[in-house]
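>>> Predicted coordinates and the sequence they were generated for:
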There are 2 protein chains.
Amino acid sequence: MSVPAVRELLVQSPLVADLSPPALDDVLQALSVRMVAAKTMLFHQGDLPTELIVLGKGIVKVWQMRAGGTPATLHMLGPGDLVGAVAVFRRIPFPASATAFTECILLSWTAARANELMEQYPAIRTNALDYVGRRAEELAHRLGEMATERVEQRIARTLLRLAGQTGVAASEGIEIGYPLSRQDIAEIVGTDLYGVSRVLRNWAKQGLVETGRLRVVLRNRQRLEQIANRGG
Amino acid sequence: MSVPAVRELLVQSPLVADLSPPALDDVLQALSVRMVAAKTMLFHQGDLPTELIVLGKGIVKVWQMRAGGTPATLHMLGPGDLVGAVAVFRRIPFPASATAFTECILLSWTAARANELMEQYPAIRTNALDYVGRRAEELAHRLGEMATERVEQRIARTLLRLAGQTGVAASEGIEIGYPLSRQDIAEIVGTDLYGVSRVLRNWAKQGLVETGRLRVVLRNRQRLEQIANRGG
DNA sequence: TGAGGTACTTGCGCTAACGCAAGGAGCGTC
DNA sequence: GACGCTCCTTGCGTTAGCGCAAGTACCTCA
């Protein structure tokens, strides 16, 4: 992949915001690029981090396998996001696993090189702090939801969030930009696929969404926001 | 309060780990100290941050009021913890409110001064990144729990976590070091006070805990860990 | 075009747990 | 030492939603 093309992918990331062009060149120098197929595991819960990954293209699912065999999805990351950054910065084992959800392009530095770059260009560390802060905020928000809201509300919120992240305009409405099963939604929401199926079916009958195999289109965003916020 | 006493409180905080003595002096210089009574609100959800607070002594509850009037507790912070740090670093409105849960001693810098200090002493920013990372990790863990575990398990986990943070050895077992109602526990766990009461009562009958008004003593840590992990 | 796999739907029973109501216990105050 | 406040307990009805089982749609590949 050509250097300009890689640069194009990298500058999407908030990690390198406000970097001077020469600094950016230096950062690019140390970068590896690779492409992985959908369903590839990038790392497992418990592994020690060896590299700092920026997602250039595609979707990565960050998830935990929990006691009882129930998986829980923590994040669906998109282009520009950092994958497993917290563990790299803190030099601790990954607290969750990461799987390429679609085909992905990964940009990475070795952990050692990443730390050197942060020493050399303090803006990177500032950006990292900002990024991790945003992630923490999102988690706090979702924890609050999970603690107080009903399944239907959480499904609405989840679809709206995913559509906001990577939604693409469809004929009428916004379509989640990649194949997403009822099971996948259930793992994000913290319920089972049956419940998700029933809720989506119900909404489809009212014209709020259009559904299909591995496919959801939001047709009435406002109504869904109402459900997310007021439960009705 | 004397300078050495304040220094004593400050060095508990991971924020100033690895700072040289002169740097620490400089940081102390810019510090304000104040004491607040239990139940004082430190800031409200939506406020803009004006200062960076380190908790010197006491317990601070970080919580959200959610649609429907149900409060959800995100953190119980103890000595050394940063209060509202993410919002200060990111210069965004607080995503949650903070209340002194017991009488507290607060150490604070103006937001502007805090940012200057981070420029001047990069170790502080490194520590901040580490701290926020740890917070994010804890939130991720709790989100996973909330998504997949039953109320009883979550109560066990919560008590074990609080005991680990600020527990004090009691006659037989570990006592949470401050007054904590069933309602308080419910807001952390994401349930109601009735459920908490029933679970604690049940455990008390089996000798796993000793309970009282605003009081919980863990008598059988191992058994509680079993409940937390395997649900039985 | 038909076989096999994966995803989705839906009926149904069951249980965790929510939440009201009513009463009891502990603690501070005058 | 009795009043009042807050906190805790417990019985009970109700319900959200879990999860099995069985069947249907859709997609791929030979």
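All right, it came through fine. Numbering: from 1, shown residues only, chains lettered A, B, ... in the order given.

>>> Only C-alpha atoms from now on, for both contacts and neighbour counts.
Noted.

>>> list the contacts for residue A:57?
For residue A:57, the contact set (C-alpha atoms under 8 Å, 6 or more residues apart in numbering or on different chains) comprises A:9, A:78, A:79, A:80, A:104, A:105, A:106.

>>> Reformat these as a markdown table; add neighbour count, distance to residue A:163 and secondary structure.
Output for the contacts of residue A:57, formatted as a markdown table (neighbours: other C-alpha atoms under 10 Å in any protein chain shown; distance: C-alpha to C-alpha, whole Å; DSSP: H, G, I helix; E, B strand; the rest coil):
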| residue | neighbour count | distance to residue A:163 | secondary structure |
| --- | --- | --- | --- |
| A:9 | 19 | 21 | helix |
| A:78 | 20 | 12 | coil |
| A:79 | 21 | 14 | coil |
| A:80 | 22 | 16 | coil |
| A:104 | 23 | 19 | strand |
| A:105 | 21 | 21 | strand |
| A:106 | 26 | 22 | strand |
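
>>> does any part of the longest helix that chain A contains sit near chain B?
Across chain A, the longest stretch assigned as helix under DSSP state H is helix A:122-148. Yes. Helix A:122-148 comes into contact with chain B (C-alpha under 8 Å from any C-alpha of the partner chain), by way of A:125-126, A:128-130, A:132-137, A:139-144, A:146-148.

>>> Of the contacts of residue A:57, just say which sits nearest to residue B:84.
Distance ranking of the contacts of residue A:57 against residue B:84, using C-alpha to C-alpha, places residue A:80 first at 26.2 Å.

>>> Would you list the phi and psi of the closest one?
phi 90, psi -20 (degrees, to the nearest 10).

>>> got the contact list for the closest residue to it other than its chain neighbours?
Spatially, and ignoring its direct neighbours in sequence, residue A:80 is nearest to residue A:13 (3.8 Å; C-alpha to C-alpha, 6 or more residues apart in numbering or on different chains). Residue A:13 is in contact with A:54, A:79, A:80, A:81, A:82, counting by C-alpha under 8 Å, 6+ apart.

>>> List the contacts of the fourth one.
Put plainly, it is residue A:81. Here residue A:81 is in contact with A:13, A:14, A:54, A:55 (C-alpha under 8 Å, 6+ apart).

>>> do the third one as well
Residues counted as contacts of residue A:80 (C-alpha under 8 Å, 6+ apart) are A:9, A:10, A:11, A:12, A:13, A:14, A:54, A:55, A:56, A:57.

>>> Sitting in helices, which of those do you find?
Reading helices off the contacts of residue A:80 with DSSP H, I get A:9, A:10.

>>> Which ones, among the contacts of residue A:80, also lie beside DNA strand D?
Among those, no residue lies close to DNA strand D (C-alpha under 7 Å from any atom of the strand).

>>> Please give the centre-to-centre distance between stretch A:38-56 and its chain.
Distance, stretch centre to chain centre, for stretch A:38-56: 13 Å (C-alpha atoms, centre = their mean, to the nearest Å).

>>> just for chain A, where's the confidence low?
Flagging of chain A using pLDDT under 70 yields the residue ranges A:231-232.

>>> Near chain B, which residues of it? Just list them.
The interface of chain A toward chain B, taken as C-alpha under 8 Å from any C-alpha, is made up of A:64, A:66-68, A:70-74, A:86-87, A:89-90, A:95, A:125-126, A:128-130, A:132-137, A:139-144, A:146-148, A:189-191, A:229-230.

>>> one step back: for the residue nearest to residue A:80, give me phi and psi.
For residue A:13, the backbone dihedrals (degrees, to the nearest 10) come out as phi -80, psi 130.

>>> quick one, helices of chain A?
A:3-10, A:21-29, A:85-90, A:111-120, A:122-148, A:151-166, A:182-189, A:193-205, A:221-230.

>>> want to throw those helices into a markdown table with distance to residue B:154?
A markdown table is the format used below for the helices of chain A (distance: least, C-alpha to C-alpha, whole Å):
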| stretch | distance to residue B:154 |
| --- | --- |
| helix A:3-10 | 40 |
| helix A:21-29 | 44 |
| helix A:85-90 | 25 |
| helix A:111-120 | 35 |
| helix A:122-148 | 11 |
| helix A:151-166 | 18 |
| helix A:182-189 | 17 |
| helix A:193-205 | 22 |
| helix A:221-230 | 25 |
